[in-house]
Structure formats: structure tokens, C-alpha cells
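Peer 1: I'll drop the sequence and a predicted model, then ask my questions.
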Amino acid sequence: MDFEKFWINWPKKVAKKKAEIAWKRLTDLEKREALEALPKHLRHWQLKRTEIDYIPYPASWLNAARWEDVLDMTPIKQKVDRSWMFSQKGIENKAKELGVLGNGYDSYETLKKKCMMRMGMEID
């Protein structure tokens, strides 16, 4: 099995010689398994927004048989900006952004709850 196929797809291109040595130590079955697992690991790092510094060196990944890792493929939840909730202007702007129209009699608290409902947020 061709090391170059592995190397081309690996996102962190460091210590190529060490990676190649690690690759040559693998059995043909392990090489095939590593190549088959690599796309899932790439998706995992993308989903988790893993910075390149935290992606393992290719030789380390190969030496530790990391292709056998069980990966949590749950995407990272987006952080919700709640700063708009604490001022009248913020509530007005969020309501406009979301197309939430008050009836003219809404308090800011009611308008805020309408925005929260539109955004799928829990209302206490």
C-alpha cells in the first residue's frame, strides 16, 4: 500500500520521514484500515473545529493505531449570543432581525420572549 496516498490526505504535514517509517512497520491490513479510517478522522477534526496544532503528528497517529479510535461525531454547538437580551435597543434590533413584530402593546419582556421562541430558546 502506498504511503503517498496517506500523506496526501494527512492535514498536518510534519515529520514525513518518521511517518513513512511508521507506515512501513504496519501490516497490509493495518495500512488498509488506516486509509479507510482517515476520512472519518478528517470529518471529526472538521466537526470539532480542531486547530492544526491539536491534530496529531502522522507518525504518532500511525504508531498508536489511532485509526481504531472511537470518535464522537457530534458537532460542536454554536454559542448563542445573548447580549441582545439585556437592553431595549438589543431586543428591538433582534426582533427586527428575526422579523418578530410587536403588536404595539408588547412590553420589552414580551418582545424578548417572542424572539426567544423564534430562536428555539427555552423560556423560563
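Peer 2: Everything's here; your move.

Peer 1: what segments of this protein are helices?
Peer 2: Per DSSP state H, the chain carries helices over the ranges 3-9, 16-25, 28-47, 58-63, 88-98, 108-118.

Peer 1: where does the residue lying farthest from the centre of the chain land on pLDDT?
Peer 2: Here the centre of the chain is the reference, and by Cα atoms, centre = their mean the most remote residue is Tyr105, at 42.2 Å. At Tyr105, the pLDDT value in this model is 79.

Peer 1: over to Phe6?
Peer 2: On the pLDDT scale, Phe6 gets 94.

Peer 1: next, the contact list for it, please.
Peer 2: 19, 23, 31, 34-35, 38, 58 (Cβ atoms under 8 Å, 6 or more residues apart in numbering). Where you see a C-beta, it was placed from the backbone N, CA and C, and this is true even at glycine.

Peer 1: swap the cut-off to 10 Å and go again
Peer 2: 19-20, 22-23, 26, 31, 34-35, 38, 58, 61-62 (Cβ atoms under 10 Å, 6 or more residues apart in numbering).

Peer 1: alright, I will stop here.
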